[in-house]
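# next comes the sequence, and after it the predicted model I'd like to discuss.
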Amino acid sequence: MGATGEARALPRLAGKTAIITGIASGQGRSAALLFAREGAHVVGCDLDLDQAEQTVADIRAGGFTADDAVCVDLADEIQVAQWAAGVERQHGSVDILYTNAAATRFAALEEISYADWQWNFRNEVDVVFLPVRAFWSLLAASGRAAVVLVGSTAGVTGSVTAGRLAHTATKGSVVAMTKQLAAEGAPRGIRVNCISPGMIRTPASESNLLAADHPMHRIAEHIPLGRIGSPDDVAPCALFLASDEASYVTGVNLMVDGGWSAVLPG
């Protein structure tokens, strides 16, 4: 009991096992640290195993818990299935799946090759589909599970400043998948929602869209809230959707973009 006589609230994810893909940096790392602070036992993967292990070390240094990080190619069916089988042996069931990991290549229609088109679908759609399918039965075993997918403002709007046809198609697919998975998950006790970030400052965005020679590098001037977002702006939104506070929320696509998609372009 506190000084006021009120019981201290439990962490929002106390006792939950959370699968998070892409924990090495950016939004995945922020989510892994936040989910752990809120009581979840984090199970994470990334192709950058060194940095993923650093995220796990930072979680443990704070007194929280996480499995050792693993290197998984999320677009490889066999690797994903093996990862899920290992998680089942160790944990039995899963309460949260946050499919954060993705990579993209930007190009307009006249410039994109078919190989790059396929690459985008492999690295933005397959990396969602395969983990969801692999962990679906473990989520159902929880009886009260949450899946959070990651779309994008690109999945619901076009752009006159960034050639991104494949990225728009892939993120639109993720937003659409959210609706169908919510329908299929409801009878199994699985809620499925999506967060769609706008411009977020990460190592990836700084190397392309926010580079000084890119037409979008001054996009903050056209965002109603007047700034570019950070991974720490996105993680709490994923936390809400993953928590029991959102127990009556499924099939939603939550825009996390400072109002960018709500107004006409600047």
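That came through fine.
# with adjacent residues omitted, what lies nearest to residue 50?
Spatial nearest neighbour of residue 50, chain neighbours left out: residue 24 (7.9 Å); criterion: CB to CB, 6 or more residues apart in numbering. Every residue, glycine included, has its C-beta placed from N, CA and C.
# pretty sure that neighbour sits against residue 46.
Yes: the criterion here is CB atoms under 8 Å, and residue 24 meets it with residue 46 at 3.9 Å.
# and for those two, which residues touch both?
By CB atoms under 8 Å, 6 or more residues apart in numbering, residue 24 and residue 46 have these common neighbours: residue 52.
# between these two, who's got more neighbours?
residue 46 (26 against 22; other CB atoms under 10 Å).
# residues in contact with that one?
Applying CB under 8 Å, 6+ apart, the residues contacting residue 46 are 21-24, 28, 52, 69, 71-72, 101.
# what pLDDT is listed against it?
Model confidence at residue 46, given as pLDDT, is 98.
# how about residue 168?
95.
# hang on, it in a helix?
Yes: Residue 168 sits within a helix when classified using DSSP: H, G, I helix; E, B strand; the rest coil.
# just checking, it touches residue 158?
Yes: the pair residue 168 / residue 158 is scored as a contact, 6.8 Å apart, by CB under 8 Å.
# who has more neighbours out of these two?
Between residue 168 and residue 158, counting by other CB under 10 Å, residue 168 is the more crowded of the two (20 against 10).
# now the residue nearest to residue 50, what's its secondary structure?
Looking at residue 24 with three-state DSSP, the answer is coil.
# do a quick rundown of the strands in the protein.
All strands of the chain, identified by DSSP state E, fall at 17-21, 41-45, 96-99, 145-150, 190-197, 253-256.
# can I get those in a markdown table including distance to residue 121?
As requested, these are exported to a markdown table (distance: least, CB to CB, whole Å):
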| stretch | distance to residue 121 |
| --- | --- |
| strand 17-21 | 17 |
| strand 41-45 | 20 |
| strand 96-99 | 15 |
| strand 145-150 | 15 |
| strand 190-197 | 17 |
| strand 253-256 | 19 |
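# among those strands, which is nearest residue 63?
Closest of the strands of the chain to residue 63 is strand 41-45, at 12.9 Å (criterion: CB to CB).
# what angle separates the closest one from strand 17-21?
Strand 41-45 runs at 20 degrees relative to strand 17-21, counting by axes from the mean of the first three to the mean of the last three CA atoms, to 10 degrees.
# contact partners of strand 41-45?
So strand 41-45 is contacted by 16-23, 28, 32, 35-36, 52, 55-56, 59, 64-67, 69-72, 74, 83, 87, 91, 94, 101 (CB under 8 Å, 6+ apart).
# distance from that strand to the middle of the chain?
13 Å (CA atoms, centre = their mean, to the nearest Å).
# then stretch 245-254?
15 Å.
# show me where the stretch 1-150 of the chain has its helices.
Secondary structure of the stretch 1-150 of the chain (DSSP state H, counting those that start in this stretch): helices at 26-37, 49-61, 77-91, 114-121, 127-142.
# then the stretch 151-266 of the chain?
Under DSSP H, counting those that start in this stretch, the stretch 151-266 of the chain gives helices at 165-185, 203-207, 231-242.
# just put those helices in TSV and tack on distance to residue 129.
Putting the helices of the stretch 151-266 of the chain into TSV (distance: least, CB to CB, whole Å) gives the following:
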stretch	distance to residue 129
helix 165-185	7
helix 203-207	21
helix 231-242	19
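# the ones you listed: lowest mean pLDDT?
helix 203-207 - the lowest mean pLDDT of the helices of the stretch 151-266 of the chain, at a mean of 63.
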